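Peer 1: Sequence and predicted structure are below.
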Amino acid sequence: MDKLDEHIIKCKSIENIFGGESTIASWLIELKQRRESDLRPADKFLGNTINRQVLHVNSELGEIQDAIFKIKNPTMDMNFEEAMNHIAEEIADAQMSLETLFVVCGFDEQQRREARRKVIEKNEARHYYRKGEK
């Protein structure tokens, strides 16, 4: 349990004492969820050349393909839930590898966020999302 978890518990305790919904607790929970799901470049690979990092991204994509193959293969050694979790982890690995590629290419955090924002706007204009979703 980290400090953020402790603060969430304290806010929920206060909520129970006074009744009602704790806005602060809900904000802290959202902050924790965002922090745990943020894309982070892998420090270990920041010294890679762009070409080497692109190769790493490609290897991560191959691992996604392998994980998907395992779920379709009737002789797989995992149950369905384990196989799906493995696929999700491989996709997250690829996302982190791509985030590392951003940094290796010289983009700072603000530039990466701006690039994602522009892609979301472009995708919204193309109606790639359900109305109101991002």
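Peer 2: Yep, it's here. Numbering: from 1, shown residues only.
Peer 1: what kind of secondary structure is residue 82 in?
Peer 2: Taking DSSP: H, G, I helix; E, B strand; the rest coil as the rule, one finds residue 82 in the helix state.
Peer 1: Could you report the pLDDT at it?
Peer 2: The per-residue pLDDT reported for residue 82 equals 85.
Peer 1: pLDDT below threshold where in this protein?
Peer 2: By pLDDT under 70, the low-scoring segments of the chain are 1-2, 4-5, 7-8, 11-22, 25, 31-37, 74-76, 132-134.
Peer 1: What are the buried residues along stretch 89-98?
Peer 2: Residues 90, 91, 93, 94, 96, 97, 98 are the ones in stretch 89-98 that count as buried (16 or more other Cβ atoms under 10 Å). C-beta: built from backbone N, CA, C; applies to glycine.
Peer 1: could those residues be laid out in TSV, adding secondary structure and distance to residue 30?
Peer 2: Supplementary listing: those in TSV, determined by DSSP: H, G, I helix; E, B strand; the rest coil; distance: Cβ to Cβ, whole Å:
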residue	secondary structure	distance to residue 30
90	helix	27
91	helix	23
93	helix	25
94	helix	25
96	helix	22
97	helix	26
98	helix	24
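Peer 1: Which of those lies at the shortest distance from residue 80?
Peer 2: residue 90 (15.7 Å; Cβ to Cβ).
Peer 1: Report the contact partners of that closest one.
Peer 2: By Cβ atoms under 8 Å, 6 or more residues apart in numbering, the contact set of residue 90 is 60, 63, 64, 66, 67.
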